[in-house]
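> Next input, structure requested:
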Amino acid sequence: MTDLRSQLRLYLVTDPDLCGSTGVVETVRQAVAAGVTMVQLRDKTATTPDRIKLALAVKEVLAGTGVPLVFNDDVDAAKAADIDGAHIGQDDITPAKARACLGSDKILGLSCETPQTVQAADPTLVDYLGLGTVFGTNTKSDHKAPIGLNGLAELVALSPLPNVAIGGLKAEHTNHVLAAGADGSAVVSAICGQTDIAAATQAFFKTEISR
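Now for the predicted structure:
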């Protein structure tokens, strides 16, 4: 597997409503061309057949880029479209069942919001962790209380797994996220729906500290 830590550097989570008339596929195309290193498709209201269709379309856009593609929650859609993997939450299918469905060669991410869930994550099943919510966000209405950058650093320190911070992150938070030890930032509204997707993406790299 390619170095997953580097692939988590700027992780785009798509939102079909925020992408608006540009659409998810075109948003992904422009964002990846500008530097996004990993893509998660998230659509809570679509059917599995529609998710498969979307995954196949985005998979085609990403062909040859080396950028991994995962689907949020819907392991069946990820498997059917034969994309790189899936990302699940604490209240979704268990990591063991997700791994059994996906197979050993696919990427499996797990959302963790507390020290307990980070410590419970099984490195033999899970490849990376999504840590947060760091700051409050409107793109996920059911998130728990924000943990802030100090909370992020605490979670990072508890696990040897690659990880990506998520929750209200913008370009100006990049150095703080990296300083907390996270491998990268997962973003939704900071890219989806922006007037200039390329500029919004590139902003995350303009003030990056050396690691």
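> Tell me which residues are up against the longest helix seen in the chain.
For the chain, the longest helix by residue count, based on DSSP state H, is helix 48-62. Residues outside helix 48-62 that contact it (CB atoms under 8 Å, 6 or more residues apart in numbering): 24-25, 28-29, 32, 39, 41, 43, 46, 69, 71, 74, 76-78, 80-83. (Each C-beta comes from the backbone N, C-alpha and C, glycine too.)
> Show me which residues of that helix are buried.
51, 52, 54, 55, 57, 58, 59, 61, 62 (16 or more other CB atoms under 10 Å).
> One more: stretch 25-37?
Residues of stretch 25-37 classed as buried under the neighbour-count rule (16+ other CB under 10 Å) are 25, 27, 28, 29, 30, 31, 32, 34, 36, 37.
> In helices, which of the residues you listed appear?
Mapping those onto helices (DSSP H) picks out 25, 27, 28, 29, 30, 31, 32.
> Do you know the pLDDT at the closest residue to the second one other than its chain neighbours?
To tie it back to what came earlier, the one meant is residue 27. Using CB to CB, 6 or more residues apart in numbering and skipping residues adjacent in sequence, the residue nearest residue 27 is residue 19, 4.6 Å away. In this model, residue 19 is scored at 98, pLDDT.
> go on, residue 139?
Residue 139 is given a pLDDT of 66.
> follow-up on the earlier one: for the ones in helices among the buried residues of stretch 25-37, which one is nearest residue 150?
When these are ranked by distance to residue 150 (CB to CB), residue 31 comes first, at 29.3 Å.
> show me the contacts for that closest one.
12, 39, 191, 197, 198, 201.
> Which pLDDT value belongs to it?
98.
> Just the closest of the ones in helices among the buried residues of stretch 25-37 to residue 179, please.
Using CB to CB, those come closest to residue 179 at residue 31, 24.1 Å.
> Now do stretch 97-117, average pLDDT.
Across stretch 97-117, pLDDT averages out at 98.
> Residue 126 - nearest residue in space that isn't next to it in sequence?
Using CB to CB, 6+ apart and skipping the chain neighbours, the partner closest in space to residue 126 is residue 110 (4.7 Å).
> What are the phi and psi values at the one you found?
Backbone torsions of residue 110, given as degrees, to the nearest 10, read phi -140, psi 130.
> Look up how far residue 131 lies from it.
10 Å (CB to CB, to the nearest Å).
> Specify which residue of these two has the higher count of neighbours.
residue 131 (33 against 27; other CB atoms under 10 Å).
> which residues touch residue 12?
By CB under 8 Å, 6+ apart, the residues touching residue 12 are 28, 31, 32, 36, 38, 39, 40, 186, 187, 188, 191, 192.
> quick one on the thing from earlier: using neighbour counts, trim the contacts of helix 48-62 to the buried set.
Using 16+ other CB under 10 Å, the buried members of the contacts of helix 48-62 are 24-25, 28-29, 32, 39, 41, 43, 46, 69, 71, 74, 76-78, 80-81, 83.
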